[in-house]
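> Following is a predicted model, sequence given first.
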Amino acid sequence: MASNLCSCRCFFIVAILSIFTSTPAKSQPQTSDSCNGIFLSYAYNRGVKLPPNVSDQVEQPYRFESTLTVLNNGLVELKSWKVFIGFRHQEWLVSASNAILADGTSIPSAVGNGIIFAGSSVIDLKTAAATAGDLTQMQVQVEMVGTTLGVAPPSVPMPSTINLANDGFVCGEPTSQGNNETHVCCKSDPNFKTKITTNENFLPKQNGDLTIMYDVIKAYNSNYWAEVTISNHNTLGRLDNWKLSWNWTNDEFIHTMKGAYPSTIDSSNCIFGSQGEFYKELDFSNVLNCEKRPTIIDLPPTRFNDTQLGKVPFCCRNGTILPPYMDPSMSISRFQINVFKMPPNINRSNLIPPQNWEIKGDTVNPDYKCGAPIRVSSSQSQDPTGLPSNISSIASWQVVCNITTKSLSKSDSPKCCVSFSAYYNESVIPCNTCACGCPSNQERTCSANTPAMWLPPKALLVPFENRSEIAHDWARYKKLQVPNPMPCGDNCGVSINWHVNTDDKKGWTARITIFNWGETNFADWFAAVQMDKGALGFKEMYSFNGSLLERLNTTIFMQGKKGLNFLVAEANGSNPRRDPRVPGKQQSVILFTKKKNDEINVAGGDGFPSKVFFNGEECSLPSVYPSNGLRNEFSSVTITILILLSIILMQQW
């Protein structure tokens, strides 16, 4: 029996030892070692309840601390790593080490819909073979601190997924380790065709609506000169009075500039900061800007030949960047900047670009969203002395910006709107109520939700605040309902009327009128209309230069002819005491043809644009078309007469 008892004890001890030896002390080393690619891990470290205490537990805030690990266990260096984390608990990110948000958003930021991280201090991850297993070069860890809502400990606010956002990789399904860690292995996609050749040390340049090159052209121990080039690649993209801003990450400051200037000249942050302590002998009265996030503006054309501030190609245009379709030479803007660095970056080779780039115009322009700067192959430029050789930049980074789609928030409302009218209906369908947003205080006197009232054509020339009596009279005449309270205005600086003028078996015409209700003149303006069926029949535009875009064959591009390319601002009427203000106005008739097999219903909607753009900004469109219940057919003789009458009366409308 003693023998049996000993054997049982031995079996029990062996079983216990086998359990302990089969369970690793840490999950990550074993899991990462089994990944022959890019290993990603997200670990929730700790959390704590935050004030205030709210009755609705869904809205109760909690602090979370977590760690993202990116480890290169593959055979190829990972360039400019990017990782998507599928946050889903209304997270607000307060800080993140060694990383930035790839979409250019500054931290703190809301990330509850998921976000892509990109490297900041450690951008490229080398292989174990190239570094003899040096984790400091193979791996990066991002320590995150933030706030989440409604997930109380011991519950853990884990993301829905994590994956590598770099092109050319395929990730498996994330695997959970306990309730506070998830990891995934991503490997090279054998079907992906890369543009990187074996001779290239950096990523190739990317395509985008707008690209910004940050080229270091001179480097010294304590400072460097960079050339910044903004290039527009979008047919309908545009910027007026552009403003460019970014974040310095290592206390850099701007000493001198050529071709552009900071919007604020201020060196006080340097004088009272660490920069003043380090550069004791530097005359800070000559320093232009010491802000952590400076804003750069273009110079006027009068400064182009200035020996101190100008003499930079493509500079000094008052911040105007046109589409390359209009003028390729005006689609680029450039300036140079002298940047002073701070320890520990005081050497020639330690060059770090600014982060969180943002560019915007100040009038009617598209909104752009910029990504993180990516290290690319050095830019080449021609020798300015005329020698047949190219000069290479010391280091180059590219920032790609794309036009964003408008959201439903009022802060992202359009800046222009469209009204519809037609020869077969006496009423005009005006711009939508609050098409370009409404101030909150307007809701007391007008309705932001009531549809706009139909109007007579003459009302389009009258400012909205003077249309009430006209709208009431038209409603009584047409036996239309008058809402109470009345709908609010469209609040748009630019409005466009699209009028279907005639319709015949062989063709049809439309008239477009652009109104400027703002205080800003528009030089070299352009507009574009997208028509799914009607655009292919475009033949001629009488007062504007118009063409069908080859790459977008459903879009008609138009701009004013010489002498008509300046859209003036709103001005006083002939008698300011009696007459309302008058908008700036440009107008043209457009001729379309029909082919025998064309299945186009002009009055049914095919004669109206599906999208309208002014200076690159997409405008708000009515949701309905004019009723064609009273539509009449016209002969080709009548259509010709109406075109001539439209041209004659154009300036009187």
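That came through, no problem.
> Going by C-alpha atoms from here, please, whenever you check contacts or count neighbours.
Fine.
> what residues does stretch 592-611 touch?
420, 498, 500, 503, 505-510, 529-535, 537-540, 618-619, 621, 625-628, 631 (Cα atoms under 8 Å, 6 or more residues apart in numbering).
> Same check on stretch 158-173?
With Cα under 8 Å, 6+ apart, stretch 158-173 has contacts from 40, 42, 44, 80-88, 116, 174, 180-181, 183-189, 192-194.
> Let's see that with 6 Å instead.
Here stretch 158-173 makes contact (Cα atoms under 6 Å, 6 or more residues apart in numbering) with Lys82, Val83, Phe84, Ile85, Gly86, Phe87, Cys185, Cys186, Lys187, Ser188, Asp189, Phe192.
> and what of stretch 138-157?
Counting by Cα under 6 Å, 6+ apart, 57-72, 89-98, 125-127 sit against stretch 138-157.
> How about stretch 250-264?
Contacts of stretch 250-264 (Cα under 6 Å, 6+ apart): 287-290, 295-299, 309-310, 312, 315-316, 335-341.
> got it, and stretch 426-436?
Defining contact as Cα under 6 Å, 6+ apart, one finds that stretch 426-436 is touched by 413-415, 417-421, 452, 454-457, 488-492, 622.
> Mind checking which of the residues you listed land in helices?
When these are checked against helices (DSSP state H), there are no matches.
> What's the ChimeraX syntax to select whichever of these are buried?
Command for ChimeraX, covering only those of those found buried under the criterion 16 or more other Cα atoms under 10 Å:
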select :413,414,415,417,418,419,420,421,452,454,455,456,457,488,489,490,491,492,622
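> Mind checking which of the contacts of stretch 426-436 land in strands?
Judged by DSSP state E, strands contain the following of the contacts of stretch 426-436: Cys417, Val418, Ser419, Phe420, Ser421.
> hmm, back to that, in strands, which of the contacts of stretch 592-611 appear?
Among the contacts of stretch 592-611, the members falling in strands (DSSP E) are 420, 498, 500, 503, 507-510, 529-530, 538-540, 618.
> got the domain boundaries for the chain?
Recorded structural domains for the chain (assignment: the TED database) are 32-188, 210-406, 416-437+445-619.
> Can you lay out the ones you listed as a markdown table showing distance to Leu203 and mean pLDDT?
A markdown table is the format used below for the domains of the chain (distance: least, Cα to Cα, whole Å; pLDDT from 0 to 100):
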| stretch | distance to Leu203 | mean pLDDT |
| --- | --- | --- |
| domain 32-188 | 7 | 93 |
| domain 210-406 | 5 | 94 |
| domain 416-437+445-619 | 27 | 92 |
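> Could you tell me which of the contacts of stretch 592-611 count as buried?
By 16+ other Cα under 10 Å, the contacts of stretch 592-611 give 420, 498, 500, 503, 507-510, 529-535, 537-540, 618-619, 621, 625-627 as buried.
> would you say Ala475 is within a helix?
Yes. With DSSP: H, G, I helix; E, B strand; the rest coil as the criterion, Ala475 is part of a helix.
> Tell me how many other residues crowd it.
17 (other Cα atoms under 10 Å).
> likewise Asp56?
For Asp56, using other Cα under 10 Å, the count is 8.
> all strands for the stretch 351-500 of the chain, in order.
Ranges of strands within the stretch 351-500 of the chain are 355-360, 368-370, 374-376, 380-382, 390-392, 395-403, 416-422, 425-429, 494-503, based on DSSP state E, counting those that start in this stretch.
> Tabulate those (TSV), appending distance to Val612.
As requested, the strands of the stretch 351-500 of the chain are exported to TSV (distance: least, Cα to Cα, whole Å):
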stretch	distance to Val612
strand 355-360	20
strand 368-370	18
strand 374-376	34
strand 380-382	38
strand 390-392	42
strand 395-403	15
strand 416-422	8
strand 425-429	16
strand 494-503	9
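> mind checking which of the ones you listed is nearest Ser34?
Of all the strands of the stretch 351-500 of the chain, it is strand 374-376 that lies closest to Ser34, at 30.1 Å by Cα to Cα.
> Touching the closest one from outside, list them.
Phe202, Leu203, Pro204, Ser396, Trp397, Gln398.
> The same query, at a cut-off of 7 Å, please.
Ser80, Phe202, Leu203, Pro204, Lys205, Ser396, Trp397, Gln398, Val399 (Cα atoms under 7 Å, 6 or more residues apart in numbering).
> Kindly confirm my reading that Ile254 is in a helix.
No. Using three-state DSSP, the assignment for Ile254 is strand, not a helix.
> Numbering from 539 from now on, please.
Fine by me, first position is 539 from now on; the one you just mentioned is Ile792.
> and it, how many neighbours does it have?
Ile792 has 23 nearby residues by other Cα under 10 Å.
> Which strand residues bridge it?
Asn827, Val877 (DSSP bridges).
> Same question for Met1096.
Going by DSSP bridges, Met1096 forms beta bridges with Ala1065, Gly1084.
> That one touches Gly1084, doesn't it?
Yes. Counting by Cα atoms under 7 Å, Met1096 touches Gly1084, with 4.3 Å between them.
> ok so, going back, could you identify the buried members of the contacts of stretch 788-802?
825-828, 833-837, 847-848, 850, 853-854, 873-879.
> Helices - which of the residues you listed land there?
Among those, no member lies in helices (by DSSP H).
> In strands, which of these appear?
Using DSSP E, these in strands are Thr833, Ile834, Ile835, Asp836, Phe873, Gln874, Ile875, Asn876, Val877, Phe878.
> need the contact list for Ile870.
So Ile870 contacts Ile768, Ser769, Asn770, Phe852, Ile859 (Cα under 7 Å, 6+ apart).
> quick one: the helices in the stretch 739-888 of the chain?
Residue ranges of the helices in the stretch 739-888 of the chain, as given by DSSP state H, counting those that start in this stretch, are 806-809, 812-816.
> Please identify the deepest-packed of the ones you listed.
helix 806-809 (a mean of 17; mean count of other Cα atoms under 10 Å).
> Give me the contact list for it.
Counting by Cα under 7 Å, 6+ apart, Gly814, Cys828, Glu829 sit against helix 806-809.
> okay, the residues you listed in a markdown table with distance to Asp1011 next?
Shown next, in a markdown table, are the contacts of helix 806-809 (distance: Cα to Cα, whole Å):
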| residue | distance to Asp1011 |
| --- | --- |
| Gly814 | 70 |
| Cys828 | 60 |
| Glu829 | 57 |
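> Just confirm Leu748 contacts Asn770, I think it does.
Yes. Between Leu748 and Asn770 there is a contact under Cα under 7 Å: 4.6 Å.
> What separation is there between Gln1068 and Cys1026?
Here Gln1068 is placed at a distance of 28 Å from Cys1026 (Cα to Cα, to the nearest Å).
> no no, Asn745
Distance from Asn745 to Cys1026, counting by Cα to Cα: 41 Å.
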